[in-house]
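J.: Model the following, please.
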Amino acid sequence: MRSFVARLILLMLMHVAFVRAAEIDPAVMEVGRVQFMMCAACHGKEGEGTAAAPPLAGSEWVGGGAENLIRIQLRGLRGPITVKGREYDIAGGMAPMAYQRDEQIAAVLTYVRQSFGNDAPPVQASEVAALRGEVGKPQLTVADLVPHGQAAPAAVATPSNKYANLDEGESFPRWVVIGIIVALLAGVGLWLAKSK
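T.: Reported below is the predicted structural model:
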């Protein structure tokens, strides 16, 4: 019975990973690829890093929360940063890219988070829009970023329509539905095991 439940859980996790990968619109990835051409000048064509900027391929900062990357795009970054165990301190740092539209920033960050061996969730334009208040502030330093592997601190609430991002066609998030199905199947499996 445990083997059955373990297989069921594994199948559900594989399904979630497949659904997440399938949810990334190829058109968004193409926009991101085009936008990345400017990033490649410093970060390298394959995200490998150069003398001008640290690598994005396999970077713990890329795989962490999207908030850091969005804020870096909107404000730039200066000062030393450690990536993959190596410290980078580029003169002048990264310039802000706030002139890009929310959709462009979301697309390029999604592209980076899904390319070069990275496998992180996509970035939504609504996430970028929520941080537009960062524009015009000084360049960030590592001290301003959320350490990778930690949750972002609660942001100061700004008045907004908290229901604006809800999909009207979907009453529950997919993970809730999948969790309910897993629980039901596990319950049925236990019931069948006990009834034998």
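J.: Return the backbone torsion pair for residue 192.
T.: phi -70, psi -40 (degrees, to the nearest 10).
J.: Do you have the helices of this protein handy? List them.
T.: For the chain, the helices defined by DSSP state H cover 2-22, 26-43, 60-63, 66-75, 102-114, 125-130, 174-195.
J.: helices or strands up against the shortest one?
T.: When you say that, I think you mean helix 60-63. Contacts defined by 3 or more Cβ pairs under 8 Å, 6 or more residues apart in numbering; DSSP states H and E place helix 60-63 against helix 66-75, strand 81-83, helix 102-114. Every C-beta, even on glycine, is put in place using the N, C-alpha and C of the backbone.
J.: Can you tell me which of those is nearest to residue 143?
T.: strand 81-83 (10.4 Å; Cβ to Cβ).
J.: The closest one - which strands sit beside it in the sheet, and in what orientation?
T.: Here strand 81-83 is paired, per DSSP bridges, with strand 86-88 (antiparallel).
J.: any idea of the mean pLDDT for the partner strand?
T.: The pLDDT scores in strand 86-88 average 92.
J.: again, but for stretch 24-35
T.: Computed over stretch 24-35, the average pLDDT equals 91.
J.: Quick one: distance of it to the chain centre.
T.: 14 Å (Cα atoms, centre = their mean, to the nearest Å).
J.: same deal with stretch 126-142?
T.: Using Cα atoms, centre = their mean, the offset of stretch 126-142 from its chain centre is 16 Å.
J.: repeat for stretch 90-98
T.: The answer for stretch 90-98 is 21 Å, by Cα atoms, centre = their mean.
J.: Put the alpha carbons of it into CSV.
T.: Taking C-alpha atoms only, stretch 90-98 is exported to CSV below (Å, rounded to 0.1, in the frame of the first residue of the first chain):
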residue,chain,number,x,y,z
ILE,A,90,31.8,45.6,-11.0
ALA,A,91,32.6,49.3,-11.2
GLY,A,92,29.4,51.3,-11.6
GLY,A,93,27.3,48.2,-11.1
MET,A,94,24.2,47.3,-13.2
ALA,A,95,22.2,50.2,-14.5
PRO,A,96,18.4,50.2,-13.9
MET,A,97,16.3,48.9,-16.8
ALA,A,98,13.0,50.5,-15.6
